[in-house]
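A.B. asks: What follows is a predicted protein model with its sequence.
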Amino acid sequence: MFLFGITGYSGSGKTTLNEKVVECLRALGYSVSCVKDAHHQVDLDTPGKDTYRYRVSGAEQVILRTPDRWALMEETPEGRKPLSEILRAMKPVDFVLLEGFKDDGDFPRIEVSRGPHKEAPLWTKRGDIVAVASDTPEGIPPGMSWLNLNEPRQVADFIVSLRDSWMKEKDNVKE
């Protein structure tokens, strides 16, 4: 599994880009999974429904199975589950696209940037940002790759290329 992050400030277009990149990677024949890091409380359950009732009654894990999908909900009273544990629970795929995770994880990422922000670009704070996806290359430092935010296939190709380079390096280390 090749982990790749899509990060940026709220409203920058991370989810839209991620969605389109998934479509492009799937069209190229790759298997893809996504992990979204939410900084706010989200309840995927509906109050009053069976799975909700099981969860609030104290069940540590609740699985909902339907004819075309299943979902596992796990309570984590100790706080956020480490990304490494979440990844171990996932089935192997070619790419895992991670949205958010501004403050943790060790994997290459693209910063999605649309318009001016009050805060400094994330690439000024993190060393693992390998490209910026935006509407224009203005303000992108020399040596940083710029990707057109409106060309998701370009972004998908960049991620595949990075993965291929990483795998080649990994093979060279084994020799």
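C.D. replies: Arrived safely.
A.B. asks: How about residue 166: what's its closest non-neighbour residue?
C.D. replies: Excluding the flanking residues, the one nearest residue 166 by C-beta to C-beta, 6 or more residues apart in numbering is residue 2, at 6.7 Å. The C-beta positions use only the backbone N, C-alpha and C, and glycine is treated the same way.
A.B. asks: Check residue 147 too.
C.D. replies: Nearest residue to residue 147 in three dimensions, chain neighbours excluded: residue 133, at 4.3 Å (C-beta to C-beta, 6+ apart).
A.B. asks: Tally up the residues packed near that neighbour, please.
C.D. replies: Residue 133 has 27 neighbours, counted by other C-beta atoms under 10 Å.
A.B. asks: How confident was the prediction at the residue nearest to residue 166?
C.D. replies: pLDDT recorded at residue 2 is 94.
A.B. asks: for residue 117, same thing?
C.D. replies: At residue 117, the model reports a pLDDT of 67.
A.B. asks: Show me where this structure has its helices.
C.D. replies: 14-27, 50-56, 83-88, 152-174 (DSSP state H).
A.B. asks: hang on, the earlier thing: so what's the residue nearest to residue 147 up against?
C.D. replies: 17, 110-113, 146-149, 155 (C-beta atoms under 8 Å, 6 or more residues apart in numbering).
A.B. asks: Relative to residue 6, which of the helices of the chain is closest?
C.D. replies: Set against residue 6 and scored by C-beta to C-beta, the helices of the chain come closest in helix 14-27, at 4.9 Å.
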